[in-house]
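Visitor: Take this sequence and fold it.
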Amino acid sequence: MSFEHASVTKGLMMACALTSIFAGVFDVKHYLHLQFVPHLSRHYQYWRLLTHILAFSNSSDLLLAELLLYGVAVHIERQFGSVKFASFVFISALLSTVLEFVVLMLLHRVGINHIPSGPSAVIFTILYQWFRLIPPTYRFRVFGVHLSNKTFTYILASQLAFGHIPGSLASSCIGLLVGYIYRSEVINIKTWRVSPTVIKLSTRFLLPLIGSIRPPRRLNRARPERSHSTSESNDEIITTAPPSSQRSEFVTGDGTEGSSVVREWVNELTGRTDDAVSRIRTPGETEITQLTSMFPDTPRDVIITTLQRRYGGGSVFGIN
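Guide: Take a look at the predicted model:
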C-alpha cells in the first residue's frame, strides 16, 4: 500500500514524527504535559490544550500512532478526498480538545486529572470512520472465535488506549465520541471545508515538502543477476507477464498484431477456418539464425519453442 491520493495522511504522519523527535531532542516534553491541577486550575496555562496534541511524549506511543495512521487514515482519505479529510482532521482536533477540557474539569476529582500528549483522540476519530466505512477483507476463527483482518488494527489501538490509564482511555473514548458525532450529524459539521486560500498555500508550500505520493512502478520483466557458477544454459529471461497461451495477441505474417478472440469470432461468423493459425508451424533455419545472432546468450531450444508458441501462424520477419 502506498500514499497515493493520501497526501494529508503522509503529512500528518511526518508531522507527528518530527514534532515528537524535536520535543525529545530539545527536551521540551514538559510543555506537552496536560494536567488540570495545577496547569489549568491554578496557573491558567490554557495554551497546553493546544500544545499537548502536537507530539507524543514517548517512542512507543509514536510507533503505535504511525502504524494506525498508515493502516487506517490512508483508506479514509481515499474515501473522503484530501480536502474533506483535512477538514475532518481539523474539526476532530478542535472538538476533541474541547471535550478533553470538559472531561478534565468534571472528572479530575475522581482520578482523571491527566491527558497524555499526542493526537490520540484524532487517531481514534479516524479509527471510528474506518470501522464504519471499510469492510473486512477476510475472516477467520481462532479457538472458535470469529475474527477478521481488522482485529490486528484493533489490537494496536487497544495498546494505545490502555497505555496510560485513565487518561489515555479517556482520550480514546473522546475520539470515538467525536467520530460518532461527525458521522451521525448531531451537529452540522460535515459540510465545513478548509478555505481555498489554505488549500492553495498548502499545495504550493507544504505538498513539495511531503514528497512523492505515487506508488512504485512495477515492471513485468526482470533479468536475474549473472552468476559465474551458473552455466549459460540456465541463463534464461524471466518475465512476470502471463504466458503466451493466456494472451490475446497474435502476430500475422506481415507483422501486424490483433486480438485472437476477435479473429476467432469473425471466423465463426464468416464460416472460415484458418489452418495456418490452428497448426503449429516449424520455424525456419533463417529465423532461428537471426534470433540467435540477436540473442546469443539464449539457448537454441528456447528460441525454437518461443517461435512455435508465439508465431505459430506466420513468420517473425515475414520470411516463409
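
Visitor: May I ask you to confirm that A55 is in contact with S117?
Guide: Yes: in this structure, A55 is within contact of S117 by C-beta atoms under 8 Å, at 6.3 Å. (Glycine included, C-beta is placed from N, CA and C.)

Visitor: residues shared between the contacts of these two?
Guide: In terms of C-beta atoms under 8 Å, 6 or more residues apart in numbering, A55 and S117 are both contacted by the residues L32.

Visitor: What are the buried residues along the longest helix that the chain contains?
Guide: With secondary structure taken from DSSP state H, the chain has its longest helix at helix 82-107. Across helix 82-107, burial judged by 16 or more other C-beta atoms under 10 Å covers 82-89, 91-93, 95-97, 99-101, 103-104.

Visitor: Likewise for stretch 139-154?
Guide: 150, 153.

Visitor: Using CSV, write out every CA atom in it.
Guide: Listed next in CSV are the C-alpha coordinates belonging to stretch 139-154 (Å, rounded to 0.1, in the frame of the first residue of the first chain):
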residue,chain,number,x,y,z
ARG,A,139,-12.4,-13.6,8.2
PHE,A,140,-11.0,-16.5,10.3
ARG,A,141,-11.6,-18.3,13.5
VAL,A,142,-9.2,-18.9,16.4
PHE,A,143,-10.4,-21.4,19.0
GLY,A,144,-14.0,-20.9,17.8
VAL,A,145,-13.8,-17.1,18.0
HIS,A,146,-14.7,-15.3,14.7
LEU,A,147,-12.1,-12.7,13.8
SER,A,148,-11.2,-10.7,10.7
ASN,A,149,-8.1,-8.8,9.3
LYS,A,150,-9.3,-5.7,11.2
THR,A,151,-8.7,-7.4,14.5
PHE,A,152,-5.0,-6.7,14.3
THR,A,153,-5.7,-3.0,13.9
TYR,A,154,-8.0,-3.1,17.0
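
Visitor: Now do stretch 140-155: everything it contacts.
Guide: Contacts for stretch 140-155 (C-beta under 8 Å, 6+ apart): 68, 71-72, 127, 130-131, 134, 136-139.

Visitor: ugh, wrong one, stretch 97-108
Guide: 34, 36-37, 40-41, 49-50, 53, 112-113, 115, 121, 170-171, 174, 177-178.

Visitor: if you average pLDDT over it, what comes out?
Guide: What stretch 97-108 shows for mean pLDDT is 94.

Visitor: do stretch 47-57 as well
Guide: pLDDT averaged over stretch 47-57 gives 92.

Visitor: How far away from the center of its chain is it?
Guide: Here stretch 47-57 is found 28 Å from its chain centre; the criterion is C-alpha atoms, centre = their mean, to the nearest Å.

Visitor: Buried residues of that stretch, list them for me.
Guide: For stretch 47-57, by 16+ other C-beta under 10 Å, it's 48-49, 51-57.

Visitor: circling back to that earlier point, apply the buried test to the contacts of stretch 140-155 and list what passes.
Guide: For the contacts of stretch 140-155, buried by 16+ other C-beta under 10 Å: 68, 71-72, 127, 130-131.

Visitor: Return the member of these nearest to T191.
Guide: Within the buried ones among the contacts of stretch 140-155, the smallest distance to T191 is 21.3 Å, found for W130 (C-beta to C-beta).

Visitor: Contact partners for that closest one?
Guide: Applying C-beta under 8 Å, 6+ apart, we find W130 in contact with 72-73, 75-76, 153.

Visitor: one more time with 10 Å
Guide: 68, 71-76, 79, 150, 153, 157, 179 (C-beta atoms under 10 Å, 6 or more residues apart in numbering).

Visitor: try R48
Guide: Contacts of R48 (C-beta under 10 Å, 6+ apart): 31-35, 39-40, 115, 117.

Visitor: Could you rerun that using 7 Å?
Guide: Applying C-beta atoms under 7 Å, 6 or more residues apart in numbering, we find R48 in contact with 34, 39.
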